[in-house]
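K.L.:
Kindly return the folded structure for what I paste below:
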Amino acid sequence: MFGAACAALFQPQMVGSTWLRRFELAAVVFHVNKAGVDLDRRSITWWTLVAGGAITSFLLAGCSKHETAVDAGIRTQTFHVGNGVEPQGLDPQTTTGASDWTVQRTIFEGLMNSDPVTGEPSPGVAMRWEKSSDLLRYTFYLRPEARWSNGKPVVANDFVRTAQRALSPALAAEVANDFFWLAGARAYYEGKERDFSHVGIRAVDALTLEYRLAEPLPFFLELLRYRMGTPLPIDVITEHGGAEKRGTPWTRPGRLVGNGAFTLKEWVQNKSIVVEKSPTYWDRDRVKLQRIVFYPVENAETEEMMFRAGQLHLTANVPPTKIETWRRDQPEALWLEPEQRVRFLVVNPKRPPLDDVRVRRALALAIDRAQIARVLGGGRAAARSLAPTSGADFVAQAQFQDDPATARTLLADAGYPGGKGVKKLEVLLPNRGNARLMVEMVQEMWRKNLGIEVVFNVQEWGVYIDSENNGQYDIAYDGWNMSHPYLFYDLNRSGSLLTRYLWSSAEYDGLLTEAARAPTPSAEAVVYARLEAVLAREMPLIPVHFETSTYLLHPSVRGWHPNPKTIHPVNHLWLEAPKKD
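P.N.:
Okay, here's the model as predicted:
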């Protein structure tokens, strides 16, 4: 009986079970989403902690010889991954979250893929391409062996129909912005052009695809490994409710058809998503992993415990308080990769007093970024620009300094000396990662330095995204990871479909156009510096810290290479038992 209990305890499917919910603080396996311990919001007695710990220790002692999920995964090539949160969905055109794309990119493949060592664009569905000297026309030659998971060939018209769906006003796709680089795309989306053949994408023949751009874009290939260059099975989507409808069941197991290295096998909400190696993928002989299991673990402490218990090969995060412990005890499992990602606070300029630039700048200057980076640990750095100061393509310069005294002067000049007259500001944030810890530190700095009080509106990931997209916030926690510096600045372009960013500036838009047309990287850099200056002056976003991808990786994971893009294609990974000393 005890052996059976041990076996049940260590099965991945036990994560989220009713039995474990009763022991929310068990130090081995927790409900990966809803039942993670949050000591800020739950009342847990000391005796509950002691009892839970004792039960866990007892079970661990009796189960020490049981094969863990990690060990079984090595034997069966099953990769167990912490994915941070439950994805909003698996439709690449109606989701924008990193956790969504982590799963989606295993099921779908774009024209471009990613080199596993450098992270740079590499051939995907397109085996080769040509570009015109003015960078306005690209021609891609598709692999004749590329197949959908239902066995049908991937053809050029699949990309054309995918673009048409993305630009359909009825779908209101969050990623329509990405397609606006195509000639005529914005006019079609806005209804000014009704003939889609006038949009800059066409199938020359079954295996030849042509793009015409509205303006030169030196980093166009970067975009094509993401949603813009990813084909969707339009016939399948149409069959299951209509191509221009949202939320139809085409992404459910048994219905979803992809062209990537894996296919969707199982999706149990708030528990796990399982994908399996595709027998129709063009490069299937290279793919060694047989299965990937994604767990939506919101609580970083829970995820770290699961890793220690042999339930995960990879985590999405490491709790800041545990970084030094792992560095000391198991440095081979701790990975710290500088990212081209910035964490910032979005300010709603439509809501007083945030419509006053002096208030926005006061909030920005009153933050001690060095302290926040130090507490979060893991090599994170203070952000005093929007683009990272250690970027792979462009090195930004700090645009301002933390200066509480100047912040107080600005606030007084705006008519709010000592914070008097400023309502309590609400900060919207997701219940995940280090968001709350960062915002709590900012909250105290604003209280101490400006006399401004802040309250939190903590929401589940999907609800948080909807609230931010709809502008339902005073200030919102956010962050972006970009493959090219231009894409950082494009977040603030007027008319962007990313409606969470409500500030606009004709001066800023003009500089964006100038940057896109810059003939050389050095000329681009000059314009980027001017864009940074405008952002520092207006402060629609308040940069806080540059991110480090901080995670735990089991030594059995092979084919994993650190790179400036922090991109690790799963179709190049495999599992192999580490050699014992």
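K.L.:
For stretch 186-204, what is the distance to the chain centroid?
P.N.:
In terms of CA atoms, centre = their mean, to the nearest Å, the centre of stretch 186-204 is found 29 Å from the chain centre.
K.L.:
buried set for it?
P.N.:
Judged by neighbour count (16 or more other CB atoms under 10 Å), stretch 186-204 contains these buried residues: 186-189, 193, 196, 199-203. Glycine gets a C-beta too; all of them are placed from N, C-alpha and C.
K.L.:
and if you look at stretch 234-241?
P.N.:
Taking 16+ other CB under 10 Å as the criterion, stretch 234-241 shows 234, 236-238, 240 as buried.
K.L.:
which one of the residues you listed is nearest residue 426?
P.N.:
Looking at these and their distance to residue 426, the nearest is residue 237, at 37.7 Å (CB to CB).
K.L.:
Need the distance between the two termini of stretch 465-481.
P.N.:
Taking CA to CA, to the nearest Å, stretch 465-481 runs 16 Å from one end to the other.
K.L.:
Where does residue 274 fall, secondary structure wise?
P.N.:
For residue 274, the enclosing helix or strand under DSSP states H and E is strand 272-277.
K.L.:
List the contacts of the nearest residue to residue 430 once chain neighbours are set aside.
P.N.:
For residue 430, the nearest residue in space outside its immediate sequence neighbours is residue 464; the separation is 4.2 Å by CB to CB, 6 or more residues apart in numbering. Residue 464 is in contact with 428-431, counting by CB atoms under 8 Å, 6 or more residues apart in numbering.
K.L.:
quick one: residue 464 from residue 218, how far?
P.N.:
When distance is defined by CB to CB, to the nearest Å, residue 464 is 34 Å away from residue 218.
K.L.:
again with residue 472
P.N.:
With CB to CB as the criterion, residue 472 and residue 218 are 36 Å apart.
K.L.:
Ok, residue 578 next?
P.N.:
As judged by CB to CB, residue 578 and residue 218 stand 42 Å apart.
K.L.:
Just checking: what are the partner strands of the strand holding residue 274?
P.N.:
Each strand that strand 272-277 pairs with, and the sense of that pairing, follows from DSSP bridges: strand 262-268 (antiparallel), strand 291-295 (antiparallel).
K.L.:
The strand ranked longest in the chain - contacts with which helices or strands?
P.N.:
When the chain is scanned for its longest strand (criterion: DSSP state E), the result is strand 334-347. In this structure, strand 334-347 makes packing contacts with helix 323-329, helix 357-365, helix 435-450, strand 475-481, strand 541-552, judged by 3 or more CB pairs under 8 Å, 6 or more residues apart in numbering; DSSP states H and E.
K.L.:
Would you mind saying which of the ones you listed lies nearest residue 125?
P.N.:
Among those, the nearest to residue 125 by CB to CB is strand 475-481 (23.3 Å).
K.L.:
Let me know the angle separating that closest one from helix 435-450.
P.N.:
Here strand 475-481 runs at an angle of 130 degrees relative to helix 435-450 (axes from the mean of the first three to the mean of the last three CA atoms, to 10 degrees).
K.L.:
Against which helices or strands is strand 475-481 packed?
P.N.:
Using 3+ CB pairs under 8 Å, 6+ apart as the contact criterion, the elements in contact with strand 475-481 are strand 334-347, strand 425-430, helix 435-450, helix 461-469, strand 541-552.
K.L.:
Apply 10 Å and report the result again.
P.N.:
Counting contacts by 3 or more CB pairs under 10 Å, 6 or more residues apart in numbering; DSSP states H and E, strand 475-481 packs against helix 98-107, strand 334-347, strand 425-430, helix 435-450, strand 454-459, helix 461-469, helix 485-490, strand 541-552.
K.L.:
And the ones you listed: which comes nearest residue 70?
P.N.:
With CB to CB as the measure, strand 541-552 is the member of the helices and strands packed on strand 475-481 nearest residue 70 (11.2 Å).
K.L.:
who does that closest one pair up with?
P.N.:
Strand 541-552 has these strand partners (DSSP bridges): strand 334-347 (antiparallel), strand 381-382 (antiparallel).
K.L.:
export the ones you listed to CSV and tack on distance to residue 401 and mean pLDDT?
P.N.:
Formatted as CSV, the entries for those read as follows, by distance: least, CB to CB, whole Å; pLDDT from 0 to 100:
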stretch, distance to residue 401, mean pLDDT
strand 334-347, 17, 90
strand 381-382, 10, 93
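K.L.:
on that earlier part again, I'd like the helices and strands packed on strand 334-347 as TSV, with mean neighbour count and distance to residue 378 appended.
P.N.:
Conversion of those to TSV gives the following (neighbours: other CB atoms under 10 Å; distance: least, CB to CB, whole Å):
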stretch	mean neighbour count	distance to residue 378
helix 323-329	14	5
helix 357-365	24	23
helix 435-450	19	12
strand 475-481	21	15
strand 541-552	24	4
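K.L.:
The ones you listed: which one's closest to residue 260?
P.N.:
Using CB to CB and comparing those, the one that lies nearest residue 260 is strand 475-481, at 20.5 Å.
K.L.:
and the closest one, how far out from the chain's middle?
P.N.:
Centroid separation between strand 475-481 and its chain, computed with CA atoms, centre = their mean, is 11 Å.
K.L.:
What's the mean pLDDT across it?
P.N.:
On average, the pLDDT along strand 475-481 is 90.
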